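**Q** my questions concern the predicted model and sequence given below.
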Amino acid sequence: MHLKKQNVRALGLCSGGLDSMLAGLVLRDQGIDVEWITFETPFFNADKARKASAKTGIPLTVKPIYPVYMEMLTNPPAGYGKQMNPCMDCHALMFELAGEMMKANNFDFLFSGEVLGQRPMSQTKSSLMYVAKHSGFKGYILRPLSAKKLPETIPEKEGWVDRERLLDIAGRGRKRQIALASKFGITDYPAPAGGCLLTDVGYSRRLKDLFDHQDTCTEEELHLLKYGRHFRLNRNTKLIVGRTEKDNEYILKYHNPKTDAIIDVKDHPSPIALVPNGGSKETIYLAGSICVGYSKASNLTPIKVIVKSPSGKQTIEVIGIPTADFKKLLI
């Protein structure tokens, strides 16, 4: 029989979804001092977590982790899911980083809102055990919503947490979570949809193409994968053409003026086009022709196109290519 530890402190991973909120509230209901940490990369942000923190009053730390995340993403030991999502190694890395904060700030254990069996690949019992082992904090990771269906953790064994007041939720159903949310007075919460771009088919295809053609990439290049149409012109050159005004704005926001070429059709409504790291004269003319193909200009006559690059600004003339003729270049 263990005496109840005074001032038990727990640090949780927060995605901002209902399960994250409930895990924190279940522990707080036991008198445990809970806080959250969430991580940001170009593939996911902390917007939902910030809203969850404001809604529940649970303090939140937001930490950007781009360099260490990219190191894992380029070679995840457990491999990828259906797309470019390394879910098991991603979770292990997040618990490893959260564990470092746990030790540095005198928290007693870690927790998350993961539910056994909710996701067929990353939330099986073997997957959860893999994450715990490879995080370096095996035994200190508690999943309050499914705890009774999982082996006892150190905080339960030590009596820091009352296991009897934890839950045994499993599977993909949401009825018990919704009922628990009502008990805690939570009526507004996001739908259970993934917020990670690495599970998106189109984004993953573009990311794989980037990895196949470059040894390194910047955060800005990863943000650019979210916007416009992407074309692989040759081994060394790609083209991004905006679809919307929003695309055009973000292409201009994330492009690198020290290396990239920006293409704009003169005197005609058109998308903005970007050639990352520039290209040969022939490639720029091809990019200009594709850009004209998406503009309001005629494809039958020479059209003036403005090219801005590190070497300066120039105007060239190209003839637009019908969009059907270069669809094979789409990534």
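**A** Cool, got the structure.
**Q** residues near G173, how many?
**A** 12 (other Cβ atoms under 10 Å). Heads up, the C-betas are built off the backbone N, CA and C, glycines and all.
**Q** now the strands for the stretch 101-250 of the chain?
**A** Assigned by DSSP state E, counting those that start in this stretch, the stretch 101-250 of the chain shows strands spanning 109-111, 141-142, 229-234, 237-241.
**Q** for T218, which of these is the nearest?
**A** Smallest distance to T218 across those (Cβ to Cβ): 14.1 Å, for strand 237-241.
**Q** domain parsing for the chain?
**A** If you go by automatic domain parsing, the domain ranges for the chain are 9-196, 200-329.
**Q** mean pLDDT for those domains - can I get that in a markdown table?
**A** Formatted as a markdown table, the domains of the chain follow (pLDDT from 0 to 100):
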| stretch | mean pLDDT |
| --- | --- |
| domain 9-196 | 94 |
| domain 200-329 | 95 |
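**Q** S295: what secondary structure?
**A** Assigned with DSSP: H, G, I helix; E, B strand; the rest coil, S295 falls in the coil class.
**Q** A78: how many residues sit nearby?
**A** 18.
**Q** give me the beta-bridge partners of V275?
**A** Using DSSP bridges, the bridge partners assigned to V275 are A261.
**Q** hang on, isn't it packed against T259?
**A** No. V275 is beyond contact range of T259, at 9.8 Å (criterion: Cβ atoms under 8 Å).
**Q** the two: which has the busier surroundings?
**A** A count of neighbours by other Cβ under 10 Å puts V275 above the other of V275 and T259, at 26 against 13.
**Q** can you tell me how far the more buried one sits from L239?
**A** Remark: distance between V275 and L239 (Cβ to Cβ, to the nearest Å) = 6 Å.
**Q** which residues do these two both contact?
**A** A287 (Cβ atoms under 8 Å, 6 or more residues apart in numbering).
**Q** wait, a helix at V307?
**A** No. Using three-state DSSP, the assignment for V307 is strand, not a helix.
**Q** quickly note the distance from it to Y227.
**A** Using Cβ to Cβ, V307 is found at 20 Å from Y227.
**Q** how about the helix or strand that V34 is a member of: buried residues?
**A** Using DSSP states H and E, V34 sits in strand 33-40. Buried residues in strand 33-40, counted by 16 or more other Cβ atoms under 10 Å: 34-40.
**Q** now do stretch 180-191
**A** Buried residues in stretch 180-191 (16+ other Cβ under 10 Å): 180-181, 186, 189.
**Q** just how off-centre is it within its chain?
**A** With Cα atoms, centre = their mean, to the nearest Å as the basis, the distance from the averaged C-alpha position of stretch 180-191 to the chain average is 24 Å.
**Q** give me the residues contacting it.
**A** 16-18, 21-22, 25-26, 29, 48, 51, 55-56, 167.
**Q** at 6 Å what do you get?
**A** 17-18, 22, 25, 48 (Cβ atoms under 6 Å, 6 or more residues apart in numbering).
**Q** any idea where the helices of the stretch 201-331 of the chain begin and end?
**A** With DSSP state H, counting those that start in this stretch as the criterion, the stretch 201-331 of the chain has helices at 201-213, 219-224, 245-254, 281-293.
**Q** what's the angle between the first one and strand 237-241?
**A** Just to be clear, that refers to helix 201-213. 150 degrees (axes from the mean of the first three to the mean of the last three Cα atoms, to 10 degrees).
**Q** specify the angle between helix 201-213 and strand 229-234 in degrees.
**A** 20 degrees.
**Q** related to what we said a few turns ago, and the strand holding V34, what does it pack onto?
**A** strand 9-13, helix 18-28, strand 60-64, helix 87-104 (3 or more Cβ pairs under 6 Å, 6 or more residues apart in numbering; DSSP states H and E).
**Q** kindly recompute the last result at 8 Å.
**A** Judged by 3 or more Cβ pairs under 8 Å, 6 or more residues apart in numbering; DSSP states H and E, strand 33-40 is in contact with strand 9-13, helix 18-28, helix 47-56, strand 60-64, helix 87-104.
**Q** out of these, deepest packed?
**A** The highest mean neighbour count among these, using mean count of other Cβ atoms under 10 Å, belongs to helix 18-28: a mean of 24.
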